[in-house]
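1. Following is a predicted model, sequence given first.
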Amino acid sequence: MPASPAKGRTEKPELLLRLLGVTKRYPQPDAYDILVLEDITLDIWSGQFVALLGPSGSGKSTLLRIVTGLAQPSYGTVLYRGRPVAGPNPHAAMVFQTFALYPWLTVQQNVEIGLLAKGVPAAQRRAKARELISLIGLDGYEDALPKELSGGMRQRVGFARALAVDPELLCMDEPFSALDFLTAENLRSELLDLWIERRIPTRAILMVTHGIEEAVFMADRIIILSKNPARVIADLAIPLPYPRNRKAPEFLHWVDQVYQIVTGVEEPAQPTVEELIQPGPAGAKLAPIPAGHPPMLAGLLELVVDRGGRDDLYRLGAELLLEVDDLLPVTDAAELLGLALVEQGDLIVTPLGQRFVAASPAERRAIIRERLLDIPLFRLIHRVLHSKANHRMGRDFFLDVLEGHFSPAEAERQLDVAINWGRWADLFHYDPDSEQLYLAEDQTGPA
Amino acid sequence: MNSAESVKTPVADVLVGALVLALFSLLLAWATRGPHYAAGTGTIRLAWSALPQDAAYSWLRMAAAYLLSLGFSLVYAYLAAFNARWERILIPILDILQSIPVLSFLPVVLEAFIALVPGSRLGVNLASILLIFTGQVWNMVFACYHSFITVPRDLEELARSLNLSAWQRFRLLELPYAMVGLVYNSMMSWAGGWFFLMACEMFSLGNRNYQLEGLGSFLQTAANRGDWGAEGAGLVTLVAMIVAMDQVIWRPLLAWADKFKVEGWQAEGAGAHSAILRLLRRSRLLAWAGHHLWQPLGEALDQGWARAGRTARAIPGVGAVLGLVRALVVAGLFYSLFAALKDAAHLLAAVPAAAWGTVLAATAATLGRVAAALAISAAWTVPVGVWVGLHRQWSARLTPISQIAASVPATALFPGLVALLIHLRGGLAVASVLLMVLGTQWYILFNVIAGATAIPEDLREATHLFGLKGILLWRTLILPAIFPYLVTGLVTAAGGAWNASIVAEYVSFQGHVYTVFGVGALIAESSAAAHYPLLLAATATLALTVVGINRLVWRRLYQKASQRYTLS
């Protein structure tokens, strides 16, 4: 077994992919465009296994689609071996999170599909597909339909299909996240073996993931993206030799490092209510409200207080079997409400957080209610409902405001999150039938 | 019938509606200028020995119309789904065309074909096929279009990332994805075809009568002469044919289409089984044909399309020629639009003001009948459907029986119904509502059964534990749970009822024509009398009413249902 990728791949690295200032914005009808990717510049060389790491909704899948030519950047250039990518990149193949197998085709036919598109004659196609099915460990399943296979086997077909076209660059969009833990682990090691032992002609791998451990386990380079919009905030080489041991101190050190970078990203400053209602393209943008559930927040804080008010986030996540992606919204919410701080990968409960944990359910609601009113969106909702004579306002009004800051889908999600918090804190009510936010009689007093 | 499509601007509807009416009258004008063809009436023998041949003729006509519908649906839906500019025009056209009843097409189609193929029965036959087509095609187009625009994003991205050609995408992705909907809608289309078979094989235009040898004419003639023996024999033949088709064609097709289901991955329920399909799949002859004929054909087509694409790109000037052709087509369209609008205005100007009043009143009368038919259907199908759906051991047994009952076209039973009721006061008014009920109740019943079957076991157990019974049970669980299904059923049934009005309100029976006041009767009369201005006015009013009700009532109910009452 080779000790490191550098030893395993002795050829001179070639520049395969170059992204120059890639920016993606989705134009909105009202001219407040949604910026997804901002000024991404990076090079990918042959011999590299690159993990693109970022919170969900950070646009990393969009970036992958731009690399493969499935989507076009709004600005910036994508060069593959020095040539601009226009249309699907024939040197790249893609593995999908959802497998994307055609349910009406057999395993063999699914694997052949890329060769079919290249016009490869039937006999050659069949031979190549059989070779890959065998390589990926699915001998005997050639005639099976995808619905007869387990999730792990389906993703194996996904790999075989991508590898069948001999791609130089293998792009993977969260390929293991739809699989159960053991299956994913097994498939990860097998793919790594194929890659390290160079049994596949692939020259570079680009994997999108939100799993920090997965990235550190597999990749020799990790690119960390921020959220809203996605920018490159770190580009790390992971010099650990393969095969990597998840229990080794160096491994844990790297995981902790990445954790610190991911959780240490500063959120931009919040705009005032006035700026909120009149957002210009240049005006202040509303920071999204994290989607953490109130009961989960309370549970997490109680746990940390029990442990002395400070705990390592990575360890917490591992203990609670939560991916960083599930944990981050909760810690973000705790930070936004001033109940906790995140410092160097540790979660520290603030005095207010301590008070919150000690409080009765009704007092907890009162604390949250007070804190929510520091957040512009809640202040806006509160002010509008109070100023109306009937203390009611349609959902659409707030959606309109939010759509100045987010895509329509994200605006819907944000409003749902806000309604969830508002209901929990007893700040306002929401009637899903009339789609109105309203104040009950005991809520109409001065805040 | 299908109104669950995305909301389009009403302006487009109005424009397109004007366009459709205009083209309609243009065709009419062109066809009526042709030489008149002396009526070529076939004589219909009521001997039992004629039945097999008549049945075969009818079946061939329907099969031809079906193939036409299939090709048309795929092309039309493909254009509408993958070309935004076409979509804006084609989908509103479809909305309007599907609300025009079969008989309104009759004069246009008949005159056109007789002008095209004068002096032979071929023209009348082609007209009949096209009439059947107009009754079969719209729901299939909608089904294809809907499938094409809902192809899952990851499957579509995969096809693009691997650079599949448009033809390969169609063959490997879009067509297979549309297959399940296509098979179900093919069954519905055939049922619709049987329903209007009598109207499509025997018709009058002015003083000319046409009858084509076929089962529809046989049944109609038997009813006209009051020959109940022949009527019964024809009915038995019809039912036998429908059951045979169900066993030999639809069941194997449904079982085969099972593999095209995408959602859920896990097979829901037992899935469809068919002994005939198993037989076919094990057949060596078919396997050989698949290997030596079908696969090479697929390869050749793949290569051929790719080569044609390359050649077309390689020859300079192809683009220019295509551009020229496109410009000419657009110019032609604009010219015909202009001419057609002039003609339509001319025709409609010939409708006196009083006649407009009659048309509106008649539409209101038919609207009342449609509403009554829906109310009666819902009144019995909702309790029965819920009961069947909740008692699974019964639903397995009753479903095949009710499917056969549903497949008997109500029009074939209509003469008997009329014979019973004709001598009563208001008998035909009752009979016409009953015909609408007979023709459309099944849509509601099957949807309600599906809805009741889909109520999750845990919800039922919880309701049971809390002791909810009677009205409370219906209000808290059953009605909300079946609501989306009920709306779907009602929408389909309403569409069917409107279309059925042309045969329900105008009956020729034992040598007499009986009518009740309504827009369907108006259309049937003006079509038979070749009174085109009135036909156009009545058709336009009917189409406008149906589209309007779809937009204002059904679509809103549908959205409400899908947002609020979806169990997931």
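-> Nice, I can see it.

2. is it true that B:Leu438 touches B:Ala406?
-> No: B:Leu438 is beyond contact range of B:Ala406, at 9.8 Å (criterion: CB atoms under 8 Å). Glycine gets a C-beta too; all of them are placed from N, C-alpha and C.

3. higher neighbour count, these two?
-> Counted by other CB atoms under 10 Å in any protein chain shown, B:Leu438 and B:Ala406 do not tie: B:Leu438 has more neighbours, with 23 against 18.

4. Look up how far chain B lies from the residue most central in space within chain A.
-> Nearest to the mean C-alpha position of chain A, by CA atoms, centre = their mean, lies A:Ser56 at 2.2 Å. From A:Ser56 over to chain B the distance is 16 Å, taken as CB to the nearest CB, to the nearest Å.

5. next one: A:Gln97
-> A:Gln97 is 8 Å from chain B, by CB to the nearest CB.

6. And A:Thr106, by the same measure?
-> Computed with CB to the nearest CB, the distance linking A:Thr106 and chain B is 10 Å.

7. Hmm, that residue is touching A:Lys147, no?
-> No: assessed by CB under 8 Å, A:Thr106 is found out of contact with A:Lys147, at 11.0 Å.

8. Not including adjacent chain positions, what is the nearest residue to the most centrally placed residue in chain B?
-> Geometric centre of chain B, nearest residue: B:Gln136, 3.9 Å, by CA atoms, centre = their mean. Nearest non-adjacent residue to B:Gln136, counting by CB to CB, 6 or more residues apart in numbering or on different chains: B:Ser189, 3.9 Å away.

9. Let me see the contact set for that neighbour.
-> Counting by CB atoms under 8 Å, 6 or more residues apart in numbering or on different chains, B:Ser189 makes contact with B:66, B:69, B:135-137, B:139-140.

10. Check what pLDDT A:Lys388 gets.
-> Confidence at A:Lys388, expressed as pLDDT, is 84.

11. With B:Ile404 instead?
-> Looking at B:Ile404, its pLDDT reads 74.

12. surely it meets B:Val243?
-> Yes: between B:Ile404 and B:Val243 there is a contact under CB under 8 Å: 6.2 Å.

13. Which secondary structure elements does whatever helix or strand the residue nearest to the centre of chain B lives in sit against?
-> B:Gln136 is part of helix B:121-149 when elements are defined by DSSP states H and E. Judged by 3 or more CB pairs under 8 Å, 6 or more residues apart in numbering or on different chains; DSSP states H and E, helix B:121-149 is in contact with helix B:51-82, helix B:84-97, helix B:102-116, helix B:175-195, helix B:197-201.

14. mind checking which of those helices is nearest B:His531?
-> With CB to CB, the closest approach to B:His531 among these belongs to helix B:102-116: 9.5 Å.

15. can you list the residues that contact the following helix or strand past the helix holding B:Gln136?
-> Sequence-wise, the next helix or strand downstream of helix B:121-149 (DSSP H and E) is helix B:153-161. For helix B:153-161, contacts defined as CB under 8 Å, 6+ apart pick out A:65, A:68-70, A:88, A:92-94, A:96-100, A:102, A:113, B:168-169, B:172-173, B:177.

16. Let's verify A:Tyr102: helix, strand, or coil?
-> For A:Tyr102, the assignment made with DSSP: H, G, I helix; E, B strand; the rest coil gives coil.

17. State the distance from it to B:Arg153.
-> The spacing between A:Tyr102 and B:Arg153, counted by CB to CB, to the nearest Å, is 14 Å.

18. Now B:Val382: closest residue in space that isn't a chain neighbour?
-> Spatial nearest neighbour of B:Val382, chain neighbours left out: B:Val448 (5.6 Å); criterion: CB to CB, 6+ apart.

19. Same check on B:Leu215?
-> Closest to B:Leu215 by CB to CB, 6+ apart is B:Ser58, at 4.1 Å.

20. Would you confirm that that neighbour contacts B:Cys200?
-> No: with contacts counted by CB under 8 Å, B:Ser58 stays clear of B:Cys200, the gap being 9.3 Å.

21. Overlap in contacts, these two.
-> B:Gly216.

22. The residue nearest to B:Ser562 when sequence neighbours are not counted: neighbour count?
-> Leaving aside its sequence neighbours, B:Ser562 sits nearest to B:Pro484 (CB to CB, 6+ apart; 6.1 Å). Neighbour count of B:Pro484, defined by other CB under 10 Å: 22.

23. B:Pro484 and chain A, how far apart?
-> 16 Å.

24. Which elements pack onto whichever helix or strand that residue is part of?
-> If you go by DSSP H and E, B:Pro484 is part of helix B:479-504. Helix B:479-504 is packed against helix B:102-116, helix B:197-201, helix B:353-390, helix B:410-421, helix B:427-453, helix B:519-528, helix B:532-549, helix B:555-564, with contacts defined by 3+ CB pairs under 8 Å, 6+ apart.

25. pretty sure B:Gly192 is in contact with B:Gly135, am I right?
-> Yes: shown here, B:Gly192 and B:Gly135 form a contact pair, counting by CB under 8 Å, at 5.1 Å.

26. Specify which residue of the two has the higher count of neighbours.
-> Between B:Gly192 and B:Gly135, counting by other CB under 10 Å, B:Gly135 is the more crowded of the two (26 against 23).
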